[in-house]
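Q: A predicted structure for the sequence below; I have some questions about it.
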Amino acid sequence: MTRSFRTIGLGALAAVALAVAGCGGGGSDEKSTSSTPGGKKAPLNGAKKGGTLSVVSQADFVDIDCGKAYYQYDYMLCYATQRPLYSYAPGDPNNVQPDMAADKPEISPDGKTVTIKIRTGVKFSPPVNREVTSKDVKYAIERMFFSSVNNGYAGSYMGDIVGAKTGAKPGTKIEGIETPDDQTIVIKLKKGTGAVVAQALSLPGSAPVPEDYAAKYDAKAQSTYKNFVVSTGPYMIQQDAQGKAIGYKAGKTTTVVRNPNWDAKTDRKPAPLDGFTFKSGNDPAVAAKQIYQGTAQVSGDFAPLPPDIKAGLTQYKGQLNLNPNGAFRYVAMNTSKKPFNNVDIRRAVIAAFDRKAIQLSRGGDTIGDVASHFLPPGIPGFEEAGGQKGPSLDYLANERGDMAVAQKYMKAAGFPSGKYNGPEITMIGVNTGTGKKAAQVTQAQFEKVGFKVNLKLVTQDSMYSKFCQIPKSGYDVCPNVAWGKDFNDPQSLLDVPFNGENIIQEGNSNHALFDDPEINQAMDKAKLIVDLQERAQAWGKIDTQLMEKGAAIPWLWDKQPNINSKDVNAVLNEFTSNWDLNYTGLK
Amino acid sequence: MSVGAADLLTESEGEGNLATAPGAEIAARSPLQLFWRRLRGDKVALIALAFIVLLLLIAVLAGPIRKIFGAPPPNLQDSGTLDDFGTPTYDFPKHIMGVDDLGRDVFSRVLYGARVSLEVALAATGIAVACGTVAGMIAGYYRGWVDTLISRSIDVLLAFPILLLGLGLGSACSLKGCLGGVIKPGISVVIFIISLSSSLYFARIIRGQVLSLREKEFIEASKSLGASNLRIIFKEVLPNLVAPIIVYSTLIIPTNILFEAALSFLGVGVKAPNPSWGQMIADAVSIFNTAWWYMFFPGLALLLTVLAFNLVGDGLQDALNPKSGR
């Protein structure tokens, strides 16, 4: 007995020693980082150069591999550590600007060819250290289609690239992406969807990835590249000499330092900070108070609770930013199986649903308007889909809910009593903050029409990664999901969450598992429309059709609250609705 | 000390017939009468006992009581009681304990919360007492390898940090239940966890008592008359354990109430939206600055209940076992 215990002890000691050695490597690395001269651009209004800050959040990143990341909070890290071909600058949420690209994309008149030139002089962070070429961008796009990476949006926005297929074997080349020289990428498309492909290149997945370095990690069944990720942006996750991302401690902290190979001359971003630490696992109520009072600096993923929103508007003026973020929050019902594969049951639930109550649980009118359909204000197609009032459907007429209408639809669904009496349903909600409250309000709304609800509350990241993004997990309702624009186009709001062709087995974002041939066809047609007005019309009509089919229950058009402490010159990126860490600095 | 000694003198008649025989007019008193005489003198315990009876009534009659006060049902969310920011209000005559952050009436939730607290505490204590007594009697009476097996298993289980074990079991069982569906998610998981942990302590205490009882002369007498082991355990040993069982179970009840509150506070207790005091306190933490009533009233209810059970437990101990001293 004793001997085996001792062996285990020694083994553990050896592991600790290795870890310590790793830390040592990281430490010296950090030193060399800080001795490297940083950017030379003048910091923005009043922001001081240097210093570090902490970003506090409720949950951890879903994925720190930016070729896979498809979550707003992940983007906060990705836009600071990676350079996608295009990105948005603070102050201009509508116009995309070249980032890794040298200039605007050239789209052929038939919309089938997109040509992009990239910058010279941009280098990968250690241990790769070489200059970025167009082949790295090609690989970045190719790997998004790998089964080991399984990017959530590549299929829907770039699926028309000649030779591109989602779920491809790792290492599969895409013939439709050509690299005639080190600075040029030519993307060939099967259909005339060039405008959307070009827009989608502003997503983090287009940031270059070195094939010679990353291929071995991508070849695994699940890519492990995230543990060894290299950067092109002003910052990088702290790493050891072998390139292991030791700054990332899952579920705890992510330490980000300057990228020693980033050259300010190649970038418009001032990047005043020396680094930052993302801290996850915080209670939103505590985190908000810490930020208001200055022991933490900026908010990451969480929405402050109603009392803290109130405090931000009354007590801590100037520390709360409410930004309409072009997103809608909704309750997803699993339309792929009983009972919610029945459209009348869905309509009955929508009719009974008190959307005002769930909006109040999040903070009332200050945090956004009650939604009456999906496309949010400011997005083309919003007016065409009925504006604030929404489509004229009896089950949407009253934002407070209408039990008489609900009973009517329940009867139509085959429940003569007007109430559902089938087996219990499983609802997967978030276990803290406003998410928990919204889940409990949703539970009460479903119970109003007779459902017996087993509400399971889990952390936000496992809500997505274990349940609501995994069709096989067999959930019935996901009350805490939301969808934001990927770029300023209605397609980016409706295609991913409601096009049946986009349902994937892991990392799925069609939480309602909505697969309706009529809608799928209408979307495929609308994607090809080039004229902006016609496009808005077509997508607005799809929005209305979705509401007619009761695809989900939209309840809020978000204004995203972000908070910052007094000592921070916090700069918001209106496009991502996150604090832009490339511009944020200390006062 | 002198007071204690006098007590002993005046009250020791029932304990043995060898006490000095007084005059004939003193009637013999049964142990129950003696117990009641002693308990009657303990005013604090009596008040606490009255409170517990009241609490039991509240738990049983939560529905009618709520209606008398005109309070809405405990799970009814009335968002009209929230202000424009969605923060709860304290509209006194209408909601005597205010509303929570989903617009539910706190008074009505505290009433129904009593039901959950007592249900869990009594059920868990009952199971713990039954299992603990049987295990303790077997271990203490048979000694030998049976004792070793039971006692060492208890030691191993006691070495687990019980709250962490509870958290783990609670979240593992919360989706589909445990032990092949025997333990369903929700309240039965909580009861299972609590009864498991408190039966361990109980078994130890009972074992200790049995160890000394089994050496007593009346047990030897039974044995020599040829009584079977089972008969001795249940007819001779068990009746002598009644006093400690009553005392320890009253002392375990408040601990179990607190344990349920702790599990609910940590999010693995009673399932939402069923009201539980611990759950209410947990939800209130984040908005304590703006809605003090949401934490105050369930907290007060929990405090008074636990205090009452503790005081009754003390009172019972004094009354049943006057020689134990304080």
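A: Yep, that arrived.
Q: count of neighbours near the residue of chain A found nearest chain B?
A: Nearest residue of chain A to chain B, counting by CB to the nearest CB: A:Ala285, 3.3 Å away. Backbone N, C-alpha and C define where each C-beta goes, glycine included. By the criterion of other CB atoms under 10 Å in any protein chain shown, A:Ala285 has 20 neighbours.
Q: can you count the residues close to the residue of the stretch 201-326 of chain B found nearest chain A?
A: Closest residue of the stretch 201-326 of chain B to chain A, CB to the nearest CB: B:Ser286 (3.3 Å). Per other CB under 10 Å, the neighbour tally for B:Ser286 reads 26.
Q: Please determine how far it is located from A:Phe302.
A: Here B:Ser286 is placed at a distance of 11 Å from A:Phe302 (CB to CB, to the nearest Å).
Q: How about A:Lys485?
A: According to CB to CB, A:Lys485 and A:Phe302 sit 20 Å apart.
Q: between those two, who's got more neighbours?
A: Neighbour count, other CB under 10 Å: between A:Lys485 and A:Phe302, A:Phe302 has more, with 26 against 22.
Q: distance of that one from B:Leu211?
A: In terms of CB to CB, A:Phe302 sits 56 Å off from B:Leu211.
Q: cool, B:Met295 as well?
A: In this view, B:Met295 and B:Leu211 are 46 Å apart by CB to CB.
Q: neighbour count winner among these two?
A: Just comparing B:Met295 and B:Leu211: by other CB under 10 Å the higher neighbour count belongs to B:Met295, 19 against 15.
Q: so that one is in which element?
A: Element membership for B:Met295 (DSSP states H and E) is helix B:292-320.
Q: same for that helix, what does it pack against?
A: Judged by 3 or more CB pairs under 8 Å, 6 or more residues apart in numbering or on different chains; DSSP states H and E, the packing partners of helix B:292-320 are helix B:31-40, helix B:43-60, helix B:106-142, helix B:238-265, helix B:277-285.
Q: what residues does the stretch 351-500 of chain A put near chain B?
A: With CB under 8 Å from any CB of the partner chain as the criterion, the stretch 351-500 of chain A comes near chain B at residues A:354, A:356-357, A:359-366, A:426, A:431, A:433, A:437, A:440-441, A:443-444, A:454-457.
Q: Which PyMOL command selects the buried ones in those residues?
A: The buried residues among these can be selected in PyMOL (16 or more other CB atoms under 10 Å in any protein chain shown) with this line:
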select buried, chain A and resi 354+356+357+359+360+361+362+363+364+366+426+431+433+437+440+441+443+444+454+455+456+457
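Q: quick one: which of the residues of the stretch 351-500 of chain A next to chain B sit in helices?
A: A:356-357, A:359-362, A:433, A:437, A:440-441, A:443-444 (DSSP state H).
Q: picking that back up, list the residues that contact both of B:Ser286 and A:Phe302?
A: Common neighbours of B:Ser286 and A:Phe302, counting by CB atoms under 8 Å, 6 or more residues apart in numbering or on different chains, are A:284, A:433.
Q: Give me the pLDDT for the residue nearest in space to the middle of chain A.
A: Centroid check for chain A by CA atoms, centre = their mean gives A:Tyr71 as the closest residue, at 1.9 Å. pLDDT for A:Tyr71: 86.
Q: what does A:Trp579 give?
A: Here, the pLDDT recorded for A:Trp579 equals 94.
Q: got it, and B:Glu15?
A: Note on B:Glu15: pLDDT of 44.
Q: Next: B:Thr89.
A: Note for B:Thr89: predicted pLDDT of 86.
Q: how close does it sit to chain A?
A: 12 Å (CB to the nearest CB, to the nearest Å).
Q: can you tell me which residues contact that residue?
A: B:81-83, B:98-99.
Q: and which of those residues is nearest chain A?
A: Nearest to chain A among the contacts of B:Thr89 is B:Leu82, at 5.1 Å by CB to the nearest CB.
Q: Phi, psi for B:Phe160 please.
A: phi -70, psi 140 (degrees, to the nearest 10).
Q: And for A:Glu142?
A: Per-residue torsions, A:Glu142: phi -60, psi -40 (degrees, to the nearest 10).
Q: Apart from its neighbours in sequence, what residue is nearest it?
A: Among residues not flanking A:Glu142 along the chain, A:Ile174 sits closest, at 5.1 Å (CB to CB, 6 or more residues apart in numbering or on different chains).
Q: The one you found - how many residues pack around it?
A: 21.
Q: likewise A:Lys419?
A: Neighbourhood size, A:Lys419 [other CB under 10 Å]: 18.
Q: what are the phi and psi angles of it?
A: phi -130, psi 140.
Q: The stretch 351-500 of chain A: helices as residue ranges?
A: A:355-362, A:403-412, A:433-448, A:460-462, A:491-498 (DSSP state H, counting those that start in this stretch).
Q: Quick one: mean pLDDT over the last one.
A: Across helix A:491-498, pLDDT averages out at 91.
Q: what number of residues lie near the nearest residue to B:Ile47 once chain neighbours are set aside?
A: Nearest non-adjacent residue to B:Ile47, counting by CB to CB, 6+ apart: B:Leu311, 7.8 Å away. Residue neighbour count, defined by other CB under 10 Å, stands at 21 for B:Leu311.
Q: For chain A, which residues are neighbours of chain B?
A: Close to chain B, as judged by CB under 8 Å from any CB, chain A has residues A:283-286, A:305-307, A:309-310, A:354, A:356-357, A:359-366, A:426, A:431, A:433, A:437, A:440-441, A:443-444, A:454-457.
Q: okay, and for the stretch 151-300 of chain B, where does confidence drop off?
A: The stretch 151-300 of chain B contains residues with pLDDT under 70 at B:174-176.
Q: near chain A, which residues of it show up?
A: Close to chain A, as judged by CB under 8 Å from any CB, the stretch 151-300 of chain B has residues B:174-175, B:185, B:267, B:271-273, B:285-287, B:289-291.
Q: do the stretch 1-150 of chain B as well
A: B:75, B:77, B:79, B:82-87, B:101-103.
Q: A:Glu399: neighbour count?
A: Around A:Glu399 there are 18 residues (other CB under 10 Å).
Q: and it, what does it touch?
A: A:354-356, A:370, A:372.
Q: hmm, back to that, got the contacts of B:Thr89 as TSV, with pLDDT, distance to B:Leu34 and neighbour count columns?
A: TSV is the format used below for those (pLDDT from 0 to 100; distance: CB to CB, whole Å; neighbours: other CB atoms under 10 Å in any protein chain shown):
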residue	pLDDT	distance to B:Leu34	neighbour count
B:Thr81	88	54	21
B:Leu82	88	58	22
B:Asp83	87	60	13
B:Gly98	90	48	21
B:Val99	92	50	28
